[in-house]
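> Build me a model from this:
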Amino acid sequence: MVIKSVRGFTPEFGNDCFIAENATIVGEVKMGDQCSIWFNAVVRGDVNYIKMGNKVNVQDGAVIHGTYQKAPTTIGNNVSIGHNAVVHGCTVKDNVLIGMGSIIMDGCVVESNSIIAAGAVVTQGTHVEAGSIYAGMPAKKIKDISPELSSGEIDRIANAYVTYSSWFKEQ
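Now for the predicted structure:
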């Protein structure tokens, strides 16, 4: 794994985190407890800060970054960031699922209990409503999330990644 200080900032990790051997985490990055950064993921806090709550998983090939002097990235609790997603200079609140290959651009706010569908492109400055699913290019609201879907998918995936990371910590 590459964990590097940049511009006087060193990544900080909470308790019980898993970082894959080829993940890259640099600069002003602060993670909560039970986070996991998976294979080939990049969390680049070189140009602006990245803050993550508890139980955030950044899956394989995902990139988290910000924009210099303009857009940091803040991620809440219980968030899953799917394979090859790009989360850039935005705010993601609690209990969110960001689908595989999706892109969230600068200035976006993704409210709690929301899903960004796989492959969606959430354009700059979009405000994703709480409890909704956004899909498409550009991403638009397609429906509200039922409480069953929220707990069934968002919680299931976040909890699963805590379990998956435990398998690697045992070795």
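> buried residues in the longest strand along the chain?
Ranked by residue count, the top strand of the chain under DSSP state E comes out as strand 42-52. Buried positions in strand 42-52, judged by neighbour count with 16 or more other Cβ atoms under 10 Å: V42, V43, R44, G45, D46, V47, N48, I50, K51, M52. C-beta here means a position set from N, CA and C on the backbone, and glycine is covered the same way.
> Dump it to PDB, restricted to CA.
C-alpha atoms of strand 42-52 as PDB (Å, rounded to 0.1, in the frame of the first residue of the first chain):
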ATOM      1  CA  VAL A  42      -7.000   5.800  -4.700                       C
ATOM      2  CA  VAL A  43      -7.900   8.300  -1.900                       C
ATOM      3  CA  ARG A  44      -5.900  11.400  -2.900                       C
ATOM      4  CA  GLY A  45      -6.000  14.200  -0.300                       C
ATOM      5  CA  ASP A  46      -3.200  16.100  -1.900                       C
ATOM      6  CA  VAL A  47      -5.100  19.200  -3.200                       C
ATOM      7  CA  ASN A  48      -7.900  19.300  -0.600                       C
ATOM      8  CA  TYR A  49      -9.000  17.300   2.400                       C
ATOM      9  CA  ILE A  50     -11.000  14.100   2.300                       C
ATOM     10  CA  LYS A  51     -13.000  13.200   5.500                       C
ATOM     11  CA  MET A  52     -14.800   9.900   5.900                       C
END
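> picking that back up, closest to I142 out of the buried residues of strand 42-52?
M52 (26.9 Å; Cβ to Cβ).
> So that closest one is in contact with M31, correct?
Yes: using Cβ atoms under 8 Å, M52 is in contact with M31, at 4.8 Å.
> List the buried residues for the lengthiest helix in the chain?
In the chain, ranked by residue count with DSSP state H as the criterion, the top helix is helix 156-169. Using 16+ other Cβ under 10 Å as the test for burial, helix 156-169 gives I157, A158, Y161, V162, S165.
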